[in-house]
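1. Have a look at this fold, sequence not included:
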């Protein structure tokens, strides 16, 4: 009798573990729409408006130290709040060169590169360790380009 109970409990535990393992990604995806916006808030202390959809992303892959590059493109829906930095003139040639260098290193698709001439607003941040992020917003296309390099 004890063996049957132990086997039953073991089977139930395995079934529960399998169901949780299979369902967890779906639950996270449903609960974490625009979850990368949360990552940006945690990494850079910047809360971006949530009325967007991620349409493209590429990164340099997992790293033991968390270093590497990441690139995300978000599209904001019409009528939704968009990010504002008030710094359309802040993108220097050196910034453009560095952004293209990062994207080329990621082997990203050229059609997803930002059109620097269409950037209507931008922001950038740099940490003491040399990690940096660029936020480029194209107001006409309602696209936000996020380029990150972690050191």
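-> Yes, it's here. Quick caveat: nothing in here was measured; it's all calculated off a predicted structure.
2. Show me the shaky parts of the protein.
-> 1-2, 8, 11, 13, 15, 17-34, 88 (pLDDT under 70).
3. Please enumerate the strands of it.
-> 52-59, 68-76, 121-126, 132-138, 143-150 (DSSP state E).
4. any idea how far residue 4 is from the most centrally placed residue in the chain?
-> Centroid check for the chain by C-alpha atoms, centre = their mean gives residue 36 as the closest residue, at 3.9 Å. Noted for residue 36: a distance of 48 Å to residue 4, by C-beta to C-beta, to the nearest Å. C-beta: built from backbone N, CA, C; applies to glycine.
5. before we move on, what about residue 137?
-> 64 Å.
6. Neighbour count: the two, which is higher?
-> Taking neighbours as other C-beta atoms under 10 Å, residue 137 and residue 4 compare with residue 137 leading, 26 against 8.
7. about what we covered before: the spatially closest residue to the residue nearest to the centre of the chain that is not a sequence neighbour - how many residues pack around it?
-> Distance criterion C-beta to C-beta, 6 or more residues apart in numbering; nearest residue to residue 36, sequence neighbours excluded, is residue 72 at 5.8 Å. Residue 72 has 20 neighbours, counted by other C-beta under 10 Å.
8. so what's residue 72 bridging to?
-> Beta-bridge partners recorded for residue 72 (DSSP bridges): residue 57, residue 146.
9. Contacts only, for it.
-> With contact taken as C-beta atoms under 8 Å, 6 or more residues apart in numbering, residue 72 is in contact with 36, 54, 56-57, 145-146.
10. what residues go with each domain of the chain?
-> Per automatic domain parsing, the structural domains of the chain span 1-31, 33-150.
11. Would you quantify the distance from residue 141 to residue 73?
-> 10 Å.
12. got it, and residue 7?
-> In terms of C-beta to C-beta, residue 7 sits 52 Å off from residue 73.
13. for stretch 66-80, the distance to its chain's centre please.
-> The chain centre lies 5 Å from the centre of stretch 66-80; the measure is C-alpha atoms, centre = their mean, to the nearest Å.
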